[in-house]
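*Asks:* Provided below for reference: sequence and predicted model.
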Protein chains: 2
Amino acid sequence: MTSYHHGNLRESLVETGIELARAQGPDGVVLREVARRAGVSHNAAYRHFADREALLSEIARHGMRELHAAMQREIDTADAEDHPDERTRAAARLRATGRAYVDFAVAEPGLFDVAFSAIPDEDGLDADTDPYDLLTHVLDDAVVAGAVSADLRPGAEVICWAAVHGFATLHVHGPRASAPVEERNATLEVMLDHIARGLA
Amino acid sequence: MTSYHHGNLRESLVETGIELARAQGPDGVVLREVARRAGVSHNAAYRHFADREALLSEIARHGMRELHAAMQREIDTADAEDHPDERTRAAARLRATGRAYVDFAVAEPGLFDVAFSAIPDEDGLDADTDPYDLLTHVLDDAVVAGAVSADLRPGAEVICWAAVHGFATLHVHGPRASAPVEERNATLEVMLDHIARGLA
DNA sequence: CATCGAATGTGGCCACTGTCAACATCGGGC
DNA sequence: GCCCGATGTTGACAGTGGCCACATTCGATG
């Protein structure tokens, strides 16, 4: 039954690590605990990861993919709704992007933390799993649709990202962590208003 | 010379801890290393701090004070400049606030990290050393001076803070850490433009 | 000034972690 | 069928945060 060789250890370690990351954040990803839960001796992980940081990087990569997926879902939902014109549709997609980002961070603080605290490994993310790439496309589309002025396009990714990322971190483990949900959501909408107006 | 009683241990520990925090961030603040550098046995720290987290909180408090001071300095500088009217002056102060925040984060990444990663101890910051309070006042003044519309005042602290905080964290240890300084500064100015226009 | 209790610092200990080196076991290609 | 590389295991080490019992010193009280 339990053969000497696990057969699928690397994947199991990553999955277990993800569980720990979700439950307890970066510090919860303890190599020995991961190994224990995977039913394997401590040290076995070293056959698949150079060190703890390498495992964290893999978990971070997964977190980024999840974040990307959550954003894509919200974008698609916004896209499927009725809109009077393409400009409005593009604006809705941009809003959805930001909302999804914050919602993900709040719903999965541990993963979110790991995603941004771990040093990414040498080869980054695929273009189609990188949240930053997604935002870039949404903004490009918004320019075409006339929701974002071409003059204001340069640097817009960073600005949008900064606003939303800061909002998320302040509310995840920062000084705003104790803010009520309704207030958080209301303020977020106001911020998204600002962004939309500022870029138009 | 080296008497049994240090005489000033608590303060020494905090100072040493600050050095470590500045040099290596939160993980660099190792109780035993702090004690070592303070020329005292490990464990002595427990007479002054409940645990490592308590020392980190104290360091975080210091970081917040430094951040506050840096912001205040920039604000004063902006205030001392010539301005055509009070509206412009208030806008300049708001910009200075944001710039100082980012500059501090980039200049003191370790302290900045500790300030926002450590759990603040029970009694928070004095009103006059809390960066958030400072921002609030700057915004209030800006409303009076007509640089910020009263309609847009609610939630403005959080939005300004989020934008600037996100910008800072993305550039300190996030995916934008490798961005060139000129680009960072240029983008920051654009973001400050957005904020100023968005709140007017 | 003497004394004694509280405050402060010490040394030893424990459980735990990441990492390394040596060894065990397995599975697939000659 | 055998052997070598890949994969897991065991044992060890240094380093950490935290607790305990003990040592030293300071300061208030007599």
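*Replies:* All right, it came through fine.
*Asks:* hey, let's count contacts and neighbours off CA atoms from now on
*Replies:* Noted.
*Asks:* enumerate every residue touching A:Glu74.
*Replies:* A:Glu74 makes contacts with A:Arg93, A:Ala96, A:Thr97, A:Ala100, as judged by Cα atoms under 8 Å, 6 or more residues apart in numbering or on different chains.
*Asks:* and the gap between it and DNA strand C?
*Replies:* 35 Å (Cα to the nearest atom of the strand, to the nearest Å).
*Asks:* what strand or helix carries the closest residue in space to A:Leu111 that isn't next to it in sequence?
*Replies:* If the residues on either side of it in the chain are set aside, A:Leu111 comes closest to A:Arg22, at 5.1 Å by Cα to Cα, 6 or more residues apart in numbering or on different chains. Applying DSSP states H and E as the criterion places A:Arg22 in helix A:9-24.
*Asks:* ok, the helix or strand immediately after that helix in the chain near DNA strand D or not?
*Replies:* Helices and strands here follow DSSP H and E; after helix A:9-24, the next one along the chain is helix A:31-37. No. If you take Cα under 7 Å from any atom of the strand as the test, helix A:31-37 misses DNA strand D, and the best it gets is 7.7 Å.
*Asks:* list the contacts of the residue most central in space within chain A.
*Replies:* Centroid-nearest residue in chain A, with Cα atoms, centre = their mean: A:Leu67, separated by 3.1 Å. By Cα under 8 Å, 6+ apart, the contact list for A:Leu67 reads A:Tyr101, A:Phe104, A:Pro131.
*Asks:* just give the nearest non-adjacent residue to the first one, would you?
*Replies:* If you skip the residues right next to it in sequence, A:Tyr101 has A:Met71 as its closest partner in space, 6.3 Å away by Cα to Cα, 6+ apart.
*Asks:* what is the neighbour count of the one you found?
*Replies:* Applying other Cα atoms under 10 Å in any protein chain shown, we find 25 residues neighbouring A:Met71.
*Asks:* what residues does chain A have near DNA strand C?
*Replies:* Going by Cα under 7 Å from any atom of the strand, the residues of chain A near DNA strand C are A:3-5, A:29-33, A:42-43, A:50-53.
*Asks:* CSV for these, including neighbour count?
*Replies:* Formatted as CSV, the residues of chain A next to DNA strand C follow (neighbours: other Cα atoms under 10 Å in any protein chain shown):
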residue, neighbour count
A:Ser3, 6
A:Tyr4, 7
A:His5, 8
A:Val29, 24
A:Val30, 16
A:Leu31, 20
A:Arg32, 16
A:Glu33, 17
A:His42, 14
A:Asn43, 13
A:Ala50, 10
A:Asp51, 13
A:Arg52, 14
A:Glu53, 16
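*Asks:* quick one: least confident of those?
*Replies:* Of all the residues of chain A next to DNA strand C, A:Tyr4 carries the smallest pLDDT score, 63.
*Asks:* any idea which helix or strand carries the residue nearest to A:Tyr101?
*Replies:* Residue-wise, A:Met71 maps onto helix A:52-80 under DSSP H and E.
*Asks:* what do you get for A:Val102?
*Replies:* Per DSSP H and E: helix A:86-107 holds A:Val102.
*Asks:* chain center to that helix, what's the gap?
*Replies:* 13 Å (Cα atoms, centre = their mean, to the nearest Å).
*Asks:* try stretch A:83-102
*Replies:* That offset, for stretch A:83-102, works out to 18 Å (Cα atoms, centre = their mean).
*Asks:* run a quick neighbour tally on the nearest residue to A:Leu199 once chain neighbours are set aside.
*Replies:* Residue nearest to A:Leu199 in three dimensions, not counting chain neighbours: A:Val148, with 5.2 Å by Cα to Cα, 6+ apart. A count of nearby residues for A:Val148, using other Cα under 10 Å, gives 25.
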